[in-house]
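S.K.: Sequence below, structure please.
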Amino acid sequence: MVDIKDVLYVDGNVVIAEFPKEMELTDEMFAEVNARFEELAARPTVDTHISNLQMEGALNGDVFARAQEAAEAGKEFGITSWVIVSEGIKKMALKSQVGEIPDVDISLVDTKAEAMDLATS
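M.R.: Have a look, this model is predicted:
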């Protein structure tokens with residue numbers, strides 16, 4: 001079982017979502033992720049969200065819909081930058097399925113270090 005506090009945490013101005021290989025993509029897990037995200041996103045210093053996608057399986061429509069919901073929810077808290085971290089085509093698939101979100105800058109990178117560089121520059 002994945003501890004939600006290990007999945008979502010704040011580092012400086014960034015809410016980081018680490019989606020590990022073993023994470024189950026269930027409705028219950030998404031509900032926990034959303035509640036934790038809103039709790040952390042409400043911090044006044046947070047303006048960026050990093051999603052680190054490490055899951056092994058293919059992303060499905062439910063993941064895409066949940067990602068778009070998270071990006072829209074982030075806007076309510078002043079999060080205007082979203083950095084998607086993943087090797088290979090996962091990040092491109094996510095961005096293409098989520099599409100353009102008005103007033104949110106979406107970046108794609110290969111490593112968490114690159115994401116943090118973008119988030120803190």
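
S.K.: so where's the protein uncertain?
M.R.: Residues of the chain meeting the criterion pLDDT under 70: 1, 56-64, 94-95, 97-99.

S.K.: All the helices of it, in order from the start?
M.R.: For the chain, the helices defined by DSSP state H cover 4-7, 27-41, 61-76, 90-98, 112-120.

S.K.: and the second one, which residues are buried?
M.R.: Burial within helix 27-41, assessed by neighbour count using 16 or more other Cβ atoms under 10 Å, is assigned to 29-30, 32-33, 36-37, 40-41. Where you see a C-beta, it was placed from the backbone N, CA and C, and this is true even at glycine.

S.K.: which helices and strands does it pack with?
M.R.: Secondary-structure packing of helix 27-41 (3 or more Cβ pairs under 8 Å, 6 or more residues apart in numbering; DSSP states H and E): helix 4-7, strand 8-11, strand 14-19, helix 61-76.

S.K.: C-alpha coordinates for that helix, PDB please?
M.R.: Provided in PDB are the C-alpha atoms of helix 27-41 (Å, rounded to 0.1, in the frame of the first residue of the first chain):
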ATOM      1  CA  ASP A  27     -11.200   5.500  -7.300                       C
ATOM      2  CA  GLU A  28     -10.300   5.300  -3.600                       C
ATOM      3  CA  MET A  29      -6.700   6.200  -4.400                       C
ATOM      4  CA  PHE A  30      -7.700   9.100  -6.700                       C
ATOM      5  CA  ALA A  31     -10.000  10.400  -3.900                       C
ATOM      6  CA  GLU A  32      -7.100  10.400  -1.500                       C
ATOM      7  CA  VAL A  33      -4.800  12.000  -4.000                       C
ATOM      8  CA  ASN A  34      -7.300  14.800  -4.700                       C
ATOM      9  CA  ALA A  35      -7.900  15.500  -1.100                       C
ATOM     10  CA  ARG A  36      -4.200  15.700  -0.300                       C
ATOM     11  CA  PHE A  37      -3.600  17.800  -3.400                       C
ATOM     12  CA  GLU A  38      -6.100  20.400  -2.300                       C
ATOM     13  CA  GLU A  39      -4.700  20.500   1.200                       C
ATOM     14  CA  LEU A  40      -1.200  21.200  -0.200                       C
ATOM     15  CA  ALA A  41      -2.200  23.400  -3.100                       C
END
